[in-house]
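Participant: Here is my input; please provide its structure:
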Amino acid sequence: MMTPFKKAVGKLHLWLGLASGLIVFIVALTGAIFTFQDDIRDLTEPWRKVPVQTTAMQLPSQLEAAALAPHPGIAAKDCWTTYFGPERSATVFFVDKAGAPIMVSLNPYTGQVLHETDLRTHFFTIVQEIHMHLLLPEAVAKWVVGGGISIFVVMLITGLVLWWPKRKQERKQRFTIKWGARWRRVNYDLHNVLGFYAASIALVLALTGLFMIFPWMLDSTVFVINGGPVDKREKISAKVDTLQPAAAAAQPLHDLVYREARRLSPRAEMILIGPASTRKDPVYCWTYGKALHYYHRDEYAFHPVSGQLMEFLPHARKGRGTLFSDMNYDLHVGQILGFGGKIVAFLTSLIVASMPVTGTIIWWGRRNKTKKPKTRAQSAQLAPV
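Facilitator: Numbering: from 1, shown residues only. Predicted structure coming up:
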């Protein structure tokens, strides 16, 4: 028999599950698909890899000129340019005149255009958009997805309360799936046993996702990890003084940024250079220790006119809280632990996607449970004398 407390928790778990189940199913399933997106794209998109050469890589202005040649009217200063390492193609990202997000992949040594992608029709871009926004407007999706995942976090806690065995003899069955039982029992075990094993990793995936949706949650966590507010020296806070005249850079702005980033972060594999679309905001640049990994990061801010380095925040100067913030994406997709971590994140996401399905089957089965017919003996006992 369940205690009144567990009955109340069970009701809460049920109704929260019915309210958020579809959201959790879609977000978890698309998350599982997206986990191996870089690995799958490396196999299906040959233009992502290039032969390593001994010559120096071309400057951003050269790559941008090649990428923008078929798109007259797009300024190089509005592009995002990324170098991914010695054996990977570089990319130039921009929005064309029709409003389409375009990513051009180029050989960083020769400047040859290898492929142009309209990201509106790219499979993993669509998967990511569904995962993050459910194809809803961003302002609406923030509360729909964020609300659904917040409910899921509460469900993880209530699920563990319901799972916790009351007696010692029940513990063994709570850790194993009784495969030889009837399908309803197997479904029940799949929901409870797999849910228990996946709970801790699922909580990490859910919270790191919420940190992206609600920055205040990440800021609060960083505050706790730091034991106080983040040191001002660990934040890029450069502001452009538009009242002060600045001489224009003697070379293309992105080239200047690239050279300075290469000089100060010589071991970085990946370099991302942001646009210089206004004269009011700095040009930002980020360098990463390992391609396609976002934890080890140096940060830069440059003057949008002169190209002068305004602020430099190296990875080595960051405290515990800021380092945790930097690793949030790598934690979310599991790659903080390498390929094995991705496998764990993938399997956990699949289990999470199954939870609303198996839970709904349990609820539906109980709701439509057929009553056993009474035996003659039972009928005779109940008959009036």
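
Participant: if I pick Leu323, what's in contact with it?
Facilitator: With contact set as CB atoms under 8 Å, 6 or more residues apart in numbering, Leu323 has these partners: Tyr295, His315. For glycine as for every other residue, the C-beta is placed from the backbone atoms N, C-alpha and C.

Participant: Helix or strand for it, just tell me which one.
Facilitator: Using DSSP states H and E, Leu323 maps to helix 320-326.

Participant: Report the beta-bridge partner residues of Met270.
Facilitator: Taking DSSP bridges as the rule, Met270 bridges to Tyr288.

Participant: State the distance from it to Leu63.
Facilitator: 15 Å (CB to CB, to the nearest Å).

Participant: One more: Leu313?
Facilitator: 26 Å.

Participant: More neighbours: which of the two?
Facilitator: Neighbour totals were compared for Leu313 and Leu63, and Leu63 leads with 29 against 19 (other CB atoms under 10 Å).

Participant: isn't that one right up against Ala76?
Facilitator: No - judged on CB atoms under 8 Å, Leu63 makes no contact with Ala76 at a distance of 9.4 Å.

Participant: who are the neighbours in contact with Leu136?
Facilitator: Each residue near Leu136 by CB under 8 Å, 6+ apart is listed here: Val144.

Participant: Can you say which helix or strand has it in it?
Facilitator: Following DSSP H and E, there is no helix or strand that holds Leu136.

Participant: can you start the count at 803 instead of 1 from here on
Facilitator: Right, with 803 as the first residue, what we last looked at is Leu938.

Participant: And the pLDDT for it?
Facilitator: For Leu938, the model assigns a pLDDT of 95.

Participant: Give me the distance between it and Arg922.
Facilitator: On the measure of CB to CB, Leu938 and Arg922 end up 16 Å apart.

Participant: For this protein, which segments are assigned as strands?
Facilitator: Along the chain, the segments classed as strands by DSSP state E run 882-885, 892-897, 903-908, 915-920, 1072-1075, 1085-1090, 1099-1104, 1111-1115.

Participant: Specify the stretch among the ones you listed that is closest to Ile835.
Facilitator: strand 915-920 (18.2 Å; CB to CB).

Participant: Can you name the residues in contact with that closest one?
Facilitator: Contact partners of strand 915-920, identified using CB under 8 Å, 6+ apart, comprise 847, 849, 852, 868-869, 872, 891, 902-909.

Participant: 10 Å instead?
Facilitator: The contact list for strand 915-920 (CB atoms under 10 Å, 6 or more residues apart in numbering) reads 847-852, 865, 868-869, 871-873, 891-895, 898, 900, 902-909, 927.
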